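Visitor: Whatever this is, show me its structure:
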Amino acid sequence: MNNRTDVLVIGGGATGTGIARDLTLRGVDVTLAERGGLSSGTSGRSHGLLHSGARYAEADGPEARSCLEENRILRDIAGECVRETRGLFVQLADDDPAYFEAKRAACEDVGIPTEVVDGESAREAVPGLAADVERAMWVPDAVVAPSRLVAANAADAREHGARVRTHAPVTSMTVENGQVTAVTLGGDADETIRPSYVVNATGPYAGQIADMAGVSVAMRPTRGVIVSIAYDGLEPVLNRCREPDDGDIVVPHDGEAVLGTTSVQVDDPDDYEQADWEIERTIEECAAMLPSVADSERVRTWWGVRPLYEPDEAARGGRGISRGFHLLEHADEGVENCCSIVGGKLTTYRRMAEATADLVCNRLGVDADCETAERRLPGASDPSRLDEFVRQFDGQGPTDADLVRRE
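Guide: From the prediction side, this is the model:
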C-alpha cells in the first residue's frame, strides 16, 4: 500500500508526538511512525522530573529559563500528566557551600523562585531526610507521567487527522534527486509512505535513521539506571546540591520513590551492559540524602538511554552540562526534505516540537502559528481518559507504571 503524506514523523516519544500534534493543529497532514509502542524509548524510561530549570541554572541560563517556561506551560496544558510536588535541593555536610550559593544566585538571575531553609526546617518538611543536611532550597520542580503525556499528544494529533502507526519500524528509505521519496514501514504497518517532508525524532536512534537517508547525525548516547523502591510519604523531588553525579535525584511517586541515575556511554542503544554497580551506587548515593531508601524494597529497575548529540557533548566537555536541543537540516548533505531533532529533555519537548514544526511549515509554505502552548491536551482533567490513551497506543513505559491504571 502506498500512502502520501505531507510530513512523516519518525519516533513516537514526547518530541515526535509533540511535533505531530503541533503540525496537525496547523492543518498539516501527518503520519507518525514508531517502531514499538509509544514511549518505548527515552521518554518512557526517564525518572519523570519536570525541571524548574534549577538543575541547569548556573551552567546554562537560557536553557534553564526555557525549562522554567515549559514547566509553567505544562502545568497549564497537561493537567493530570503532571504532579505538583515542588523540589528541594539539599546541601550535605560534605558538599561545597559555594556551589549552593552559585546555584541560588543563578536561579535568581534566571527568575526561578527559591526559598532557602536550614537543615532543621528541611527535615520537618521531609521526614527521614539525612541528619547532615545543612540547608536546602525550595524550587518549583514537579513530576511528569511521560506515558500519559506522550499518549495525550498522540491522541490530539490523531483527533486532528494524524495517522499514528505503532509497532511500525522504518525498514528502508528511498532518496531520489535530493528528496526522500519513499519510506517503508515494517511490523504492523507493512506499508510504504510517500512524504513531502521527513522528521527524524528518534532520540538515540537518530544516527541510524539518518544513515538510511544517506545523511549523518553524530550521536553519543549514554545509559542511566533508574531504581524504583517502595516508599510512602515523600512529597518533593530531592536533588543533591552538588556538581551532577551518580545518584543525585529522588523523585516521589504514589507509594514509591524513583532513584537516579548513572551516565555511561554506550555504542548501541539497543545492546548495552546493565551493570549491578550502577544500581548499588545509585541507591548508596541517594541514601546519603534519604537514608531509609537503602533498606527499602526494590520494586523495579530499568535503564534509559539519553539522546546526546556528539558535537555538543564534545564542546561542552562532559556530564551535567545543560541538555539543549539541536535541529539539523540535511539539505547541505544533499537531502532537502529531511531534518533531525536531537538532544533536549522531556521538560522541553513542546518547545522542541514547536521549533521543528516552524521549520517544516516554512519549508512546506504553510503559514500558521503554533497553538500548543495555549491548548490543553485532551483528557488533561481526566486521568482515566489519559490512561485509556496509553492503552490504545501501547504506550506504557516503566517510569510511571505505578501511576497509570491498567484497566
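Visitor: can you pull the contacts of the closest residue to residue 144 other than its chain neighbours?
Guide: Nearest residue to residue 144 in three dimensions, chain neighbours excluded: residue 50, at 4.4 Å (Cβ to Cβ, 6 or more residues apart in numbering). No exception for glycine: its C-beta is placed from N, CA and C like everyone else's. Applying Cβ atoms under 8 Å, 6 or more residues apart in numbering to residue 50 gives the contacts 71, 74, 82, 141-144, 346-347.
Visitor: Just name the closest of the residues you listed to residue 370, please.
Guide: Residue 370 lies nearest to residue 74 out of the contacts of residue 50, by Cβ to Cβ, at 14.8 Å.
Visitor: you'd agree that closest one is in a helix?
Guide: Yes: under DSSP: H, G, I helix; E, B strand; the rest coil, residue 74 falls within a helix.
Visitor: any low-confidence regions in the stretch 151-300 of the chain?
Guide: By pLDDT under 70, the stretch 151-300 of the chain has no low-scoring segment.
Visitor: Tell me where it has strands.
Guide: Assigned by DSSP state E, counting those that start in this stretch, the stretch 151-300 of the chain shows strands spanning 163-165, 170-176, 179-185, 191-200, 222-230, 237-240, 249-252, 256-260, 264-265, 298-306.
Visitor: Save those strands as a markdown table, and put in distance to residue 99 and mean neighbour count too.
Guide: Listed next are those as a markdown table, based on distance: least, Cβ to Cβ, whole Å; neighbours: other Cβ atoms under 10 Å:
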| stretch | distance to residue 99 | mean neighbour count |
| --- | --- | --- |
| strand 163-165 | 44 | 21 |
| strand 170-176 | 44 | 16 |
| strand 179-185 | 47 | 20 |
| strand 191-200 | 37 | 22 |
| strand 222-230 | 22 | 22 |
| strand 237-240 | 10 | 25 |
| strand 249-252 | 16 | 25 |
| strand 256-260 | 20 | 26 |
| strand 264-265 | 24 | 15 |
| strand 298-306 | 23 | 19 |
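Visitor: Of the contacts of residue 50, select the buried ones using a ChimeraX command.
Guide: Buried residues among the contacts of residue 50 (16 or more other Cβ atoms under 10 Å), as a ChimeraX selection:
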select :71,74,82,141,142,143,144,346,347
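Visitor: ranges for the strands of the stretch 301-407 of the chain?
Guide: Secondary structure of the stretch 301-407 of the chain (DSSP E, counting those that start in this stretch): strands located at 325-329, 338-343.
Visitor: Could you report the separation of residue 95 from residue 65?
Guide: Distance of residue 95 to residue 65, computed by Cβ to Cβ, to the nearest Å: 25 Å.
Visitor: Now name the helix or strand holding residue 8.
Guide: strand 2-10 (DSSP states H and E).
Visitor: Report the mean confidence score over that strand.
Guide: Throughout strand 2-10, pLDDT has a mean value of 92.
Visitor: Following it in sequence, what is the next regular element?
Guide: Counting by DSSP H and E, the next helix or strand C-terminal to strand 2-10 is helix 14-25.
Visitor: Counting by contacts, list what that following helix packs against.
Guide: Contact partners of helix 14-25 among helices and strands, from 3 or more Cβ pairs under 8 Å, 6 or more residues apart in numbering; DSSP states H and E: strand 2-10, strand 30-33, helix 146-159, helix 349-364.
Visitor: got the angle for that helix vs helix 146-159?
Guide: Relative orientation of helix 14-25 and helix 146-159, computed by axes from the mean of the first three to the mean of the last three Cα atoms, to 10 degrees: 20 degrees.
Visitor: what angle do helix 14-25 and strand 338-343 make?
Guide: Using the same axes, to 10 degrees: helix 14-25 against strand 338-343 is 130 degrees.
Visitor: and the angle from helix 14-25 to helix 349-364?
Guide: Using the same axes, to 10 degrees: helix 14-25 against helix 349-364 is 50 degrees.
Visitor: Now do helix 14-25, average pLDDT.
Guide: Rounded mean pLDDT across helix 14-25 is 98.
Visitor: would you put the C-alpha positions of it in PDB?
Guide: Taking C-alpha atoms only, helix 14-25 is exported to PDB below (Å, rounded to 0.1, in the frame of the first residue of the first chain):
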ATOM      1  CA  ALA A  14       7.400  13.100  23.600                       C
ATOM      2  CA  THR A  15       9.200  15.100  20.900                       C
ATOM      3  CA  GLY A  16       7.800  13.000  17.900                       C
ATOM      4  CA  THR A  17       4.200  13.100  19.200                       C
ATOM      5  CA  GLY A  18       4.600  16.700  20.100                       C
ATOM      6  CA  ILE A  19       5.700  17.500  16.600                       C
ATOM      7  CA  ALA A  20       2.800  15.500  15.100                       C
ATOM      8  CA  ARG A  21       0.300  17.400  17.400                       C
ATOM      9  CA  ASP A  22       1.800  20.800  16.600                       C
ATOM     10  CA  LEU A  23       1.700  20.200  12.800                       C
ATOM     11  CA  THR A  24      -1.800  18.800  12.700                       C
ATOM     12  CA  LEU A  25      -3.100  21.800  14.700                       C
END
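Visitor: now that helix, how far from the centre of its chain.
Guide: Between the centre of helix 14-25 and the centre of its chain there are 14 Å (Cα atoms, centre = their mean, to the nearest Å).
Visitor: I figured residue 235 was touching residue 252, is that so?
Guide: Yes: the pair residue 235 / residue 252 is scored as a contact, 6.0 Å apart, by Cβ atoms under 8 Å.
Visitor: Common neighbours of these two, please.
Guide: residue 85.
Visitor: dump the residue contacts of residue 224.
Guide: Neighbour list for residue 224: 260-264, 278, 303-306 [criterion: Cβ under 8 Å, 6+ apart].
Visitor: What number of residues are in the vicinity of the nearest residue to it once chain neighbours are set aside?
Guide: Closest residue in space to residue 224, ignoring its immediate chain neighbours: residue 261 at 3.8 Å, by Cβ to Cβ, 6+ apart. By the criterion of other Cβ atoms under 10 Å, residue 261 has 25 neighbours.
Visitor: Quick check: phi and psi on residue 261?
Guide: Main-chain dihedrals, residue 261, degrees, to the nearest 10: phi -150, psi -180.
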